[in-house]
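Participant: got a predicted model here, sequence first, then my questions.
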Amino acid sequence: MVAVIGALAHAHAAALAHADAPDPALSDALAHARRIAPRGAEVLVATAMDNLGDGFEDQAEELRRRTRLSVLRVADSFETDPPRGLFRYATAGGDTGAASATLGSVDDPLGLVAATYHAGMNPDAQPRHG
(Lines give C-alpha, C1' and ligand atoms only; values in the text may rest on other atoms or scores of the structure.)
Protein backbone atom coordinates (compact mmCIF):
# COMPACT_ATOMS: atom_id res chain seq x y z
CA MET A 1 0.00 0.00 0.00
CA VAL A 2 2.90 2.34 0.71
CA ALA A 3 4.12 1.80 -2.86
CA VAL A 4 0.67 2.69 -4.23
CA ILE A 5 0.52 5.86 -2.12
CA GLY A 6 4.03 6.79 -3.24
CA ALA A 7 3.12 6.27 -6.89
CA LEU A 8 0.00 8.41 -6.49
CA ALA A 9 2.00 11.18 -4.81
CA HIS A 10 4.60 11.04 -7.59
CA ALA A 11 1.92 11.16 -10.30
CA HIS A 12 0.22 14.10 -8.57
CA ALA A 13 3.49 16.04 -8.37
CA ALA A 14 4.22 15.32 -12.04
CA ALA A 15 0.73 16.48 -13.04
CA LEU A 16 1.15 19.73 -11.11
CA ALA A 17 4.52 20.32 -12.74
CA HIS A 18 2.87 20.06 -16.17
CA ALA A 19 -0.47 21.77 -15.38
CA ASP A 20 -0.45 23.62 -18.72
CA ALA A 21 -0.16 20.41 -20.76
CA PRO A 22 -3.34 19.06 -22.36
CA ASP A 23 -5.08 16.21 -20.58
CA PRO A 24 -3.82 12.82 -21.75
CA ALA A 25 -6.28 10.74 -23.75
CA LEU A 26 -8.29 8.21 -21.77
CA SER A 27 -7.81 5.74 -24.63
CA ASP A 28 -4.03 5.82 -23.98
CA ALA A 29 -4.55 5.12 -20.28
CA LEU A 30 -6.88 2.22 -21.07
CA ALA A 31 -4.35 0.78 -23.53
CA HIS A 32 -1.68 0.96 -20.81
CA ALA A 33 -4.00 -0.70 -18.27
CA ARG A 34 -4.77 -3.44 -20.79
CA ARG A 35 -1.04 -4.15 -21.20
CA ILE A 36 -0.29 -4.39 -17.48
CA ALA A 37 -3.51 -5.81 -15.95
CA PRO A 38 -3.71 -9.59 -15.83
CA ARG A 39 -6.81 -11.29 -17.23
CA GLY A 40 -9.64 -11.16 -14.68
CA ALA A 41 -8.17 -8.21 -12.77
CA GLU A 42 -10.37 -5.52 -11.25
CA VAL A 43 -9.67 -2.18 -12.99
CA LEU A 44 -11.12 1.03 -11.54
CA VAL A 45 -10.75 4.17 -13.64
CA ALA A 46 -11.51 7.56 -12.04
CA THR A 47 -11.85 10.20 -14.75
CA ALA A 48 -13.65 13.37 -15.77
CA MET A 49 -13.93 11.88 -19.29
CA ASP A 50 -12.70 15.19 -20.74
CA ASN A 51 -10.56 13.64 -23.48
CA LEU A 52 -11.62 10.17 -24.59
CA GLY A 53 -9.03 10.08 -27.40
CA ASP A 54 -8.81 8.12 -30.62
CA GLY A 55 -9.72 4.47 -30.30
CA PHE A 56 -11.43 4.90 -26.92
CA GLU A 57 -14.29 2.51 -27.69
CA ASP A 58 -11.98 -0.24 -28.96
CA GLN A 59 -9.61 0.08 -25.98
CA ALA A 60 -12.50 0.10 -23.48
CA GLU A 61 -14.18 -2.93 -25.06
CA GLU A 62 -10.94 -4.91 -25.09
CA LEU A 63 -10.20 -4.00 -21.48
CA ARG A 64 -13.78 -4.87 -20.48
CA ARG A 65 -13.42 -8.31 -22.13
CA ARG A 66 -10.20 -9.06 -20.24
CA THR A 67 -10.93 -7.46 -16.85
CA ARG A 68 -13.68 -6.29 -14.52
CA LEU A 69 -13.72 -2.63 -15.58
CA SER A 70 -15.47 0.03 -13.48
CA VAL A 71 -15.49 3.75 -14.23
CA LEU A 72 -16.03 6.45 -11.62
CA ARG A 73 -16.75 9.79 -13.31
CA VAL A 74 -15.49 12.78 -11.34
CA ALA A 75 -17.60 15.90 -11.84
CA ASP A 76 -17.43 19.42 -10.48
CA SER A 77 -20.65 21.00 -9.22
CA PHE A 78 -20.23 23.64 -11.95
CA GLU A 79 -20.77 20.84 -14.47
CA THR A 80 -23.69 19.16 -12.75
CA ASP A 81 -25.53 22.25 -11.47
CA PRO A 82 -24.21 25.33 -13.29
CA PRO A 83 -25.12 28.74 -11.85
CA ARG A 84 -27.30 31.10 -13.84
CA GLY A 85 -26.02 34.29 -15.45
CA LEU A 86 -23.13 35.47 -17.60
CA PHE A 87 -19.53 34.82 -16.61
CA ARG A 88 -16.51 36.71 -17.86
CA TYR A 89 -13.57 34.62 -18.98
CA ALA A 90 -10.02 35.00 -20.25
CA THR A 91 -8.11 32.25 -22.04
CA ALA A 92 -4.40 31.53 -21.81
CA GLY A 93 -4.16 32.83 -25.39
CA GLY A 94 -5.49 36.25 -24.34
CA ASP A 95 -9.07 35.97 -25.64
CA THR A 96 -11.75 37.41 -23.37
CA GLY A 97 -15.52 37.37 -23.37
CA ALA A 98 -18.63 36.41 -21.46
CA ALA A 99 -20.74 33.28 -21.63
CA SER A 100 -23.49 31.54 -19.74
CA ALA A 101 -22.97 28.11 -18.25
CA THR A 102 -25.04 25.26 -19.62
CA LEU A 103 -25.51 21.78 -18.30
CA GLY A 104 -23.26 19.55 -20.36
CA SER A 105 -23.59 15.91 -21.13
CA VAL A 106 -20.93 13.28 -20.69
CA ASP A 107 -19.86 11.25 -23.68
CA ASP A 108 -20.20 7.66 -22.39
CA PRO A 109 -20.82 5.70 -25.60
CA LEU A 110 -20.34 2.30 -24.00
CA GLY A 111 -22.26 2.90 -20.79
CA LEU A 112 -19.11 2.44 -18.70
CA VAL A 113 -19.84 4.99 -15.97
CA ALA A 114 -20.88 3.09 -12.86
CA ALA A 115 -21.24 6.20 -10.68
CA THR A 116 -20.50 9.90 -10.63
CA TYR A 117 -18.56 11.48 -7.78
CA HIS A 118 -19.57 15.11 -7.35
CA ALA A 119 -16.74 17.29 -6.02
CA GLY A 120 -17.63 18.59 -2.59
CA MET A 121 -19.75 15.52 -1.81
CA ASN A 122 -19.23 13.95 1.60
CA PRO A 123 -16.98 10.94 0.88
CA ASP A 124 -19.11 8.81 3.21
CA ALA A 125 -22.27 9.61 1.25
CA GLN A 126 -23.59 7.30 -1.42
CA PRO A 127 -22.57 8.42 -4.94
CA ARG A 128 -25.28 9.54 -7.33
CA HIS A 129 -25.50 7.19 -10.28
CA GLY A 130 -25.45 8.31 -13.93
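Facilitator: Done, it's in. This one's a predicted model, so the numbers in the text were calculated from it and none came from an experiment.
Participant: so who does Gly40 touch?
Facilitator: Arg66, Thr67, Arg68 (CB atoms under 8 Å, 6 or more residues apart in numbering). Every residue, glycine included, has its C-beta placed from N, CA and C.
Participant: name the residues of stretch 39-58 that are buried.
Facilitator: By 16 or more other CB atoms under 10 Å, the buried positions in stretch 39-58 come out as Val43, Val45, Thr47, Met49, Leu52, Phe56.
Participant: what residue ranges in the chain score low on pLDDT?
Facilitator: For the chain, applying pLDDT under 70 flags the ranges 78-80, 101-130.
Participant: could you pull out the strands for it?
Facilitator: 42-47, 68-75, 86-90, 96-100, 113-118 (DSSP state E).
Participant: just checking, what packs against the second one?
Facilitator: Secondary structure elements in contact with strand 68-75, counted by 3 or more CB pairs under 8 Å, 6 or more residues apart in numbering; DSSP states H and E, are strand 42-47, strand 113-118.
Participant: show me what contacts Arg66?
Facilitator: Per CB under 8 Å, 6+ apart, neighbours of Arg66: Arg34, Ala37, Arg39, Gly40, Ala41.
Participant: just put the residues you listed in JSON lines and tack on distance to Asp23.
Facilitator: Below are the contacts of Arg66 laid out as JSON lines (distance: CB to CB, whole Å):
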{"residue": "Arg34", "distance to Asp23": "20"}
{"residue": "Ala37", "distance to Asp23": "22"}
{"residue": "Arg39", "distance to Asp23": "29"}
{"residue": "Gly40", "distance to Asp23": "29"}
{"residue": "Ala41", "distance to Asp23": "25"}
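Participant: just those residues now: which is nearest Asp95?
Facilitator: Distance to Asp95 across those (CB to CB) is lowest for Arg34, with 38.5 Å.
Participant: which non-adjacent residue is nearest that closest one?
Facilitator: Distance criterion CB to CB, 6 or more residues apart in numbering; nearest residue to Arg34, sequence neighbours excluded, is Leu63 at 4.8 Å.
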